[in-house]
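# Have a look at this fold, sequence not included:
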């Protein structure tokens, strides 16, 4: 069976039902005047609706042992629990693709087209091979999966970074995709939601990866100045060049429980100051205490929370008082 | 001869030359040796550049401000909680034009180094820089920044006070400022700590300055778990002015005397002055909105040359 046939078959099998409450129109329909242009923009910017390929589970295929409390679960059970330990609540790694699948209304996700070809500015040894291998292994084109999708019927540009792809590090391709996300959202007048997970700038692309910090931050600023809503969900880990750029520039900042969020890594800080760091340092809860996070939200509650925030920013149906 | 040996020998010759009572023969001999040393510097390695960029005697921000501007008025504090001395700057006149000038301050000796935290800012430093730049925008002053830092300070309080957010905020705000910004990497420009004052319309580097995503030691430590392989990392990282110019990340290179700016600082000041005059003139007729737009477009397409 060819890949295309497989996709067709899956499409046919996938339920196209959407849980769209009648009261909430999608962002696109609301903009009636330029709706046709918008659709065209959407079509140009995105690929056909997304079909999930089953990939290997990075957590293995049989039993799962929680690294925090030691309890054991069958992997399917963990998958259903979105990799939150049912016993202690520890949020374990989840792939970007799985996260996206659990987030958007079924059948609504359209992936943004990748505009950046393969790059290797430093001629870093074996870099291209490494990227090719990761593509094969993760089913992702690069460190971020982005597109237009709906959350409880509310359209948004959603980007999910995946730590499974070279630690979610930001090179030119990731920077371009984040920037494009803001640009497409600005054009379509949609909100932007970004799930960050990154070790920071991608060392293998040298100064060009540093420049992505400026590029993405400028894009976030531009989007914001034009009235766009940007929600960041900081997941484990969000550090270095990503935390010091678009990740911390959102209108609403949410974090996942226990996520490590910070600029410098804890090991570097300990070496610099020559002392042990306090318990929970740079964790989501610590950041909340220090005033950098609006709310910490569990992974299994994030969809509802995002829906609420989007609803709070709906431009239509404002009652006259 | 290593670059360090060449540098020491040249310094010794320079000192001897300043003494009285040199015979003509000795003077001639010295000149010849000096010229030979200069030639030996023609092809320095990336690692040599790191050595020169970090040189103790390399001109520092205080020198540049003294040499290039008049009527300098220092501005201190972030107006929130603290004065971060690793960022130094204020208002001054450049050929009679009011400008805001600021940059990393490393200090010239160990006492100053300690006092200024080796030019490694904490969030308060970035916030101070930002409030100075915002003010420059208000009064239509062009902004000139001098970049020379090992990076943002990786400390406990720096994290607690929002290092990430402070840097991100600078990147975002600088990209939209409606006044010209010119940046010069004068020494080492490492990581987000350097970029946080480097989102400029025009970015220049001194010939032997380096600019990179991370220090070579950090790079080696992350990729090979071995910080002693820094020299090897330097070659791989492509962090020299020539490399960055080729990538299109910087707009130009300011030439230095053989073996580094500290062997003839006056020549470097003059070259910077000339560059700034040229760039000021080039942007004179642009509207504030166009200036911001040009900067936005520059960083939007900063990687165009590096794409295949």
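Looks like it arrived, so ask away. Keep in mind it's a predicted model, so treat the numbers as computed, not measured.
# going forward, measure contacts and count neighbours with C-alpha atoms only.
Will do.
# Outline the domain layout of the chain.
In the absence of a named chain, this looks at chain A. A:25-55+A:93-312, A:59-92 (automatic domain parsing).
# Chain B was what I was after
According to automatic domain parsing, the ranges for chain B are B:1-42, B:44-300.
# Just the strands from chain B, written as ranges.
B:70-74, B:87-94, B:97-104, B:143-149, B:181-190, B:202-206, B:210-212, B:252-254 (DSSP state E).
# Reformat those as a markdown table; add mean neighbour count, mean pLDDT and distance to chain A.
Shown next, in a markdown table, are the strands of chain B (neighbours: other C-alpha atoms under 10 Å in any protein chain shown; pLDDT from 0 to 100; distance: least, C-alpha to the nearest C-alpha, whole Å):
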| stretch | mean neighbour count | mean pLDDT | distance to chain A |
| --- | --- | --- | --- |
| strand B:70-74 | 14 | 98 | 28 |
| strand B:87-94 | 23 | 98 | 18 |
| strand B:97-104 | 26 | 98 | 18 |
| strand B:143-149 | 28 | 98 | 15 |
| strand B:181-190 | 28 | 98 | 9 |
| strand B:202-206 | 24 | 98 | 12 |
| strand B:210-212 | 31 | 98 | 5 |
| strand B:252-254 | 20 | 98 | 16 |
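# Can I get the ones you listed in CSV including distance to residue B:123?
Shown next, in CSV, are the strands of chain B (distance: least, C-alpha to C-alpha, whole Å):
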stretch, distance to residue B:123
strand B:70-74, 19
strand B:87-94, 11
strand B:97-104, 13
strand B:143-149, 14
strand B:181-190, 16
strand B:202-206, 23
strand B:210-212, 20
strand B:252-254, 29
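# Mind checking these for the one nearest to residue B:267?
Across the strands of chain B, residue B:267 has its closest neighbour in strand B:252-254 (10.3 Å, C-alpha to C-alpha).
# right, so the domains of chain A: which one is the most enclosed?
domain A:25-55+A:93-312 (a mean of 21; mean count of other C-alpha atoms under 10 Å in any protein chain shown).
# what about that domain, distance to the chain center?
The chain centre lies 4 Å from the centre of domain A:25-55+A:93-312; the measure is C-alpha atoms, centre = their mean, to the nearest Å.
# Worst mean pLDDT among the domains of chain B?
Note on the domains of chain B: lowest mean pLDDT is at domain B:1-42, with a mean of 93.
# gap between that domain and the chain center?
Between the centre of domain B:1-42 and the centre of its chain there are 27 Å (C-alpha atoms, centre = their mean).
# same deal with stretch B:39-46?
Mean-position distance between stretch B:39-46 and its chain equals 20 Å (C-alpha atoms, centre = their mean).
# now the end-to-end length of it.
17 Å (C-alpha to C-alpha, to the nearest Å).
# Save the domains of chain B as TSV, and put in distance to residue A:275 too.
Listed next are those as TSV, based on distance: least, C-alpha to C-alpha, whole Å:
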stretch	distance to residue A:275
domain B:1-42	34
domain B:44-300	10
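# Just name the most buried of the ones you listed.
Sorting those by mean neighbours (by mean count of other C-alpha under 10 Å), the first place falls to domain B:44-300, with a mean of 21.
# which stretches of the stretch 51-200 of chain B form helices?
Ranges of helices in the stretch 51-200 of chain B, per DSSP state H, counting those that start in this stretch, are B:61-68, B:110-115, B:123-138, B:156-160, B:163-174, B:191-195.
# okay if I get those as TSV plus distance to residue B:261?
Compiled in TSV, the helices of the stretch 51-200 of chain B are given as follows (distance: least, C-alpha to C-alpha, whole Å):
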stretch	distance to residue B:261
helix B:61-68	12
helix B:110-115	20
helix B:123-138	26
helix B:156-160	32
helix B:163-174	29
helix B:191-195	20
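# Do a quick rundown of the strands in chain A.
Using DSSP E, strands in chain A cover A:46-49, A:63-65, A:72-74, A:110-112, A:144-151, A:154-161, A:192-198, A:230-239, A:252-255, A:261-262, A:295-296.
# Nearest to chain B among these would be which one?
Chain B sits nearest to strand A:261-262 of all these, at 6.5 Å, using C-alpha to the nearest C-alpha.
# does chain B sit close to the closest one?
Yes - judged by C-alpha under 8 Å from any C-alpha of the partner chain, strand A:261-262 comes into contact with chain B at residue A:262.
# For the stretch 201-308 of chain B, what lies in contact range of chain A?
Counting by C-alpha under 8 Å from any C-alpha, the residues of the stretch 201-308 of chain B that sit close to chain A are B:211-214, B:219, B:223, B:236-239, B:244, B:249, B:296, B:299-303, B:306-308.
# ok, now with 6 Å
Residues of the stretch 201-308 of chain B found near chain A (C-alpha under 6 Å from any C-alpha of the partner chain) are B:212-213, B:237, B:299-300, B:306-307.
# for the chain, what's the longest helix?
Looking at chain A here, since you left the chain open. helix A:206-225 (DSSP state H).
# My question was about chain B, not that one.
helix B:265-283.
# which stretches of the stretch 201-321 of chain A have low pLDDT?
Along the stretch 201-321 of chain A, the model assigns pLDDT under 70 to residues A:317.
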